[in-house]
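# 3D, please:
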Amino acid sequence: MNRTILFLLLFVLLGSATAWYLLTNSDAKASQLGEDRRFKVENTDDIYKIFIADRRRGERTMLKRKDGFWSYNEKYTARPSAVQSVLDAIRRVEMQYQPPKAAVQNMVKSLAADGIKVEIYNKNNQLLKSYYIGGSTSDERGTYMILDGAEQPYVAHIPGWEGNLRFRFNLKGDDWRDKTIFAEKATDIQSITIEYPKNKNKSFRLEKNGANYKIKPFYDVTPVINRPLKAGKVEQYLEGFRSLGAEAFENENPKRDSVRQLTPFSIITMKNIKGEEKSIRLFPIFTNHDVVERYLVDVNNGDFMLIQHLVFGKVMWGYDFFFE
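Residues are numbered from 1 along each chain as shown. Next comes the predicted model:
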C-alpha cells in the first residue's frame, strides 16, 4: 500500500515537472515566434538615426535628428514631409499575414537581392530595429518584409493605408532634401537687396538700422525717393521671407549651364543678423501667352531650382512700393 502511494506521488511529481517544462518551453517558443513579426517602433521620439540602403540602385541614405530638424546624409536639411512619412511607417507598420510555405524561399531570395535595408537607432546609437523591405503583393495592399537575422518573411502593411511601403523609404537624392530657400523671421533680417538688371529704377537696398529700416536705390543712377515710408510696409515685406520654398530641384536639368549664362530677371539677396547670406538669381519661364508663372533659380549654394511666381511674387517689390 505504501509502495502504491509512493508510485502515485512520483507520477504526479514527474507529470508536474513535464507540464512545467512544456509550458515554459512553449512560452519561450511563442515569444521567439512573435518577435520576428514585430516590425514597428511605436515611440518615434526615441528614434535619432535612420539608415536606408538600396542595393539595387546603390543608394545610401542617412537621416539624423538634429536640434529642431532632421539632416540628410549629414550635409543637407531633410524635407520634413519625407521624414514624417518614414517615421509614420516605422511607428504603424505591422504584420498582415504569414505567406504560404511554397512562397517563402523566393521571397527570401528577392528580399536578399533587391530589398531595402532599414536600420533604426536611438539617441545612444543603439540599434532598435533592423529589417528588409521588398516588393508588394499583386493587389498592392501588402509589402514583403523580414527582420534582419530572421528566417520567416511576412506580408506587412499600415492599417488604414494602401500601397507599397517601399515607396516611403526609397526616395533618391534631392527627393530627400528640404526645398526651403528663405526661412527667416522678420526681426532676424539685417538686409535685403533686390536687383532688376533690366529695370534698375525698381532695384533697392533695405537695411536694418537699430529699431528702424532704411531703403535706398540699389544703383547710384536711380533718383532717391524722399517721401515718407508707408506705415507697416517694411514689416509686411520682411514677413514674406518667413517661408519661401521651391517647387522642385533642377540640379539634373540639362539646360542648367546655359541658363546660368543669361542675364537674370532679378537677384534677391538676404543677410540675417548673424551675417549669414543667401542669394538667388531668377530666370523667367514664359508660357505661350508670354506670362511668367515660374522661374529657374540659381542659388549661391550651388543648387538649381524651380520656383513659382505665385509664391515668390510677394517679395519681388519695386523701390517705390514702400513710399507714400
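# need the phi and psi values for residue 237.
Main-chain dihedrals, residue 237, degrees, to the nearest 10: phi -60, psi -50.
# residue contacts, it?
The contact partners of residue 237, by CB atoms under 8 Å, 6 or more residues apart in numbering, come to 192, 206, 315, 317, 322. From N, CA and C alone the C-beta is placed, and that goes for glycine too.
# what helices and strands are in contact with the one helix or strand the second one maps to?
This points to residue 206. Using DSSP states H and E, residue 206 sits in strand 204-209. Applying 3 or more CB pairs under 8 Å, 6 or more residues apart in numbering; DSSP states H and E, we find strand 204-209 packed against strand 189-195, strand 212-217, helix 233-239.
# chain center to the shortest one: distance?
Offset of strand 212-217 from its chain centre (CA atoms, centre = their mean, to the nearest Å): 38 Å.
# which parts of that strand are buried?
Within strand 212-217, the residues scored as buried using 16 or more other CB atoms under 10 Å are 213, 215, 217.
# equivalent analysis for stretch 169-180, please.
Under 16+ other CB under 10 Å, the buried positions of stretch 169-180 are 169, 170, 171, 174, 176, 177, 178, 179.
# tally of neighbours for the residue lying closest to the fourth one once chain neighbours are set aside?
Leaving out its chain neighbours, the residue that sits closest to residue 174 by CB to CB, 6 or more residues apart in numbering is residue 249, at 3.9 Å. For residue 249, the neighbour count with other CB atoms under 10 Å is 17.
# distance check, residue 249 against residue 69.
Noted for residue 249: a distance of 18 Å to residue 69, by CB to CB, to the nearest Å.
# now do the contacts for residue 37.
Contact analysis of residue 37 by CB under 8 Å, 6+ apart lists 95, 154.
# the same query, at a cut-off of 10 Å, please.
Contacts for residue 37 (CB atoms under 10 Å, 6 or more residues apart in numbering) come out as 94, 95, 98, 145, 147, 150, 152, 154, 156.
# burial count for the residue nearest to residue 272 when sequence neighbours are not counted?
Counting by CB to CB, 6+ apart, the nearest residue to residue 272 once its immediate chain neighbours are dropped is residue 188, at 5.1 Å. For residue 188, the neighbour count with other CB under 10 Å is 14.
# let's have the chain start at 599 instead
All set: I'll call the first residue 599, so the last point we hit is now residue 786.
# secondary structure, pLDDT and distance to residue 642 for the buried residues of stretch 767-778 - can I get that in a markdown table?
Listed next are these as a markdown table, based on DSSP: H, G, I helix; E, B strand; the rest coil; pLDDT from 0 to 100; distance: CB to CB, whole Å:
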| residue | secondary structure | pLDDT | distance to residue 642 |
| --- | --- | --- | --- |
| 767 | helix | 96 | 15 |
| 768 | coil | 92 | 20 |
| 769 | coil | 94 | 18 |
| 772 | helix | 96 | 24 |
| 774 | helix | 97 | 18 |
| 775 | strand | 97 | 21 |
| 776 | coil | 97 | 19 |
| 777 | coil | 97 | 23 |
